[in-house]
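**Student:** below are the sequence and a predicted model for it; my questions follow.
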Amino acid sequence: MKQKLHILPIIIISQFACTSTWFAGNAIIESLTKKLDFGADIVSYVISSVQFGFIIGTLIFGILMIADRFSPSKVFMVCACLAALSNLTLIVPQLNVTGLLIARFGTGFFLAGIYPVGMKIAADYYEKGLGKALGFLVGALVLGTAFPFLIKGTSWANDSDSVIKLTSGITVMGGLLLLGLVPNGPYRVASTSLQINAGPRLFKNYDFKKAAFGYFGHMWELYAFWAFTPIAIKWFAIETGSDISVFLWTGIVITFGGLSCALGGTIAHSLGSKKVALTALIISGVFCFISPVLFLLPQYLFLASWCLWGIAVTADSPQFSNLVASSVAPQLKGTALTIVNCLGYAITIISIQLLGLLQNSIPINFLYIPLGLGPLLGVYHLIKKKTK
């Protein structure tokens, strides 16, 4: 079936716009802690509250099979508006700690109706070449994640409120754009009834289980790497006396990851999603274990190596999503993607909190070694042979 040419670009633009709220609070957290007199320990809680909100959101969306029972475009639009509203709460005068954490939780909760639902919409349009389409789509997610850091890294965003206003505004626009221009896809098969046990039953599917556990290993590393990249760059700058824009370079590292998703999707169209996912997972795992050496490099090599790590750490993400979506029946694709996202992001809280605890007891240059456990697990499940 011939696709309308505008469909994928609209999904990509909308995904980019709506996921810009994901790290918006993280990008301005230093300004918030100074303005509202919060302690420095609030940073890890702010990061984890978004993840926790996303986990609870995906769990509820998955159990209720929201993306498979209702129009995905409408779900996407409603959640975009609610995520934007939660994000705007950050600029409320006299915001307290409880309000801050609830606002970030709310943003994460409604992102559950944006990220996995966006992938579900793509799966409804692309029966073939889904890996390539998801490469561009997840790349948009990554660029959306980098966007607040890139804004904050420029002199234009001296007022942190402007970051929140801009990301909230484009989130609403992204939701409306997708609703208006992307109707239900030709390969969408709606679930006609609620199946509460659909999630657990999916893990009896060998191909789904294999892809899911590979994804879990990838997620152990990914968000902890992103969350602690500013700390790595700042520590390197202090130790070497270098003048490095921490926010700008954090945005650049994440942006390279977005580009690698698109490139990986294109390569996967020829080589297959499994090969791309396995290669990227091995490379990023190697970076985890040799990370102490990176801090001994000259500035330009340190930044270049961190960018290469940023490329490898995300290239496998859309290919795992393709493997997950391709392993289940059409009427369960949305539920499968949502459940895997739920468990994957639950894992990110553990790795982020682990690094948060370790940074007070071990040197920063050794902090990233534990992240290698995730790629090891992922590689093991990808190459593991099916037992009789």
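**Tutor:** Received, thanks.

**Student:** just for the chain, where's the confidence low?
**Tutor:** 1-5, 26-27, 30, 32-44, 148-149, 151-159, 189-199, 387-388 (pLDDT under 70).

**Student:** quick one: name whatever helix or strand follows the helix or strand harbouring F136.
**Tutor:** Using DSSP states H and E, F136 sits in helix 130-152. Scanning forward in sequence from helix 130-152 by DSSP H and E, the next helix or strand is helix 160-181.

**Student:** and the angle for that following helix with helix 130-152?
**Tutor:** Angle between the axes of helix 160-181 and helix 130-152 is 150 degrees (criterion: axes from the mean of the first three to the mean of the last three Cα atoms, to 10 degrees).

**Student:** now do the helices in the stretch 251-388 of the chain.
**Tutor:** Secondary structure of the stretch 251-388 of the chain (DSSP state H, counting those that start in this stretch): helices located at 273-294, 299-315, 317-326, 333-358, 373-383.

**Student:** what residues does the last one touch?
**Tutor:** With contacts defined as Cβ atoms under 8 Å, 6 or more residues apart in numbering, helix 373-383 is touched by 210, 213-221, 274, 277-278, 281-282, 284-285, 288, 316, 347, 351. Where you see a C-beta, it was placed from the backbone N, CA and C, and this is true even at glycine.

**Student:** if we go to 7 Å?
**Tutor:** In this structure, residues lying in contact with helix 373-383 by Cβ atoms under 7 Å, 6 or more residues apart in numbering are 210, 213-214, 216-218, 220-221, 274, 277-278, 281-282, 284-285, 288.

**Student:** list just the nearest of these to G241.
**Tutor:** Comparing the contacts of helix 373-383 against G241 with Cβ to Cβ places C288 closest, at 26.6 Å.

**Student:** contacts only, for C307.
**Tutor:** C307 neighbours (Cβ under 7 Å, 6+ apart): 252-253, 256.

**Student:** wait, Y115 touches L141, no?
**Tutor:** Yes - between Y115 and L141 there is a contact under Cβ atoms under 7 Å: 6.0 Å.

**Student:** who touches both of these two?
**Tutor:** Any residue near both Y115 and L141 by Cβ under 7 Å, 6+ apart counts here, and that gives T19.

**Student:** other SSEs contacting the longest helix along the chain?
**Tutor:** Looking across the chain with DSSP state H, the single longest helix is helix 206-240. Counting contacts by 3 or more Cβ pairs under 7 Å, 6 or more residues apart in numbering; DSSP states H and E, helix 206-240 packs against helix 246-271, helix 273-294, helix 299-315, helix 317-326, helix 333-358, helix 373-383.

**Student:** adding distance to F16, write those helices out as CSV.
**Tutor:** Rendered in CSV, the data for the helices and strands packed on helix 206-240 read as follows (distance: least, Cβ to Cβ, whole Å):
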stretch, distance to F16
helix 246-271, 9
helix 273-294, 21
helix 299-315, 14
helix 317-326, 14
helix 333-358, 18
helix 373-383, 26
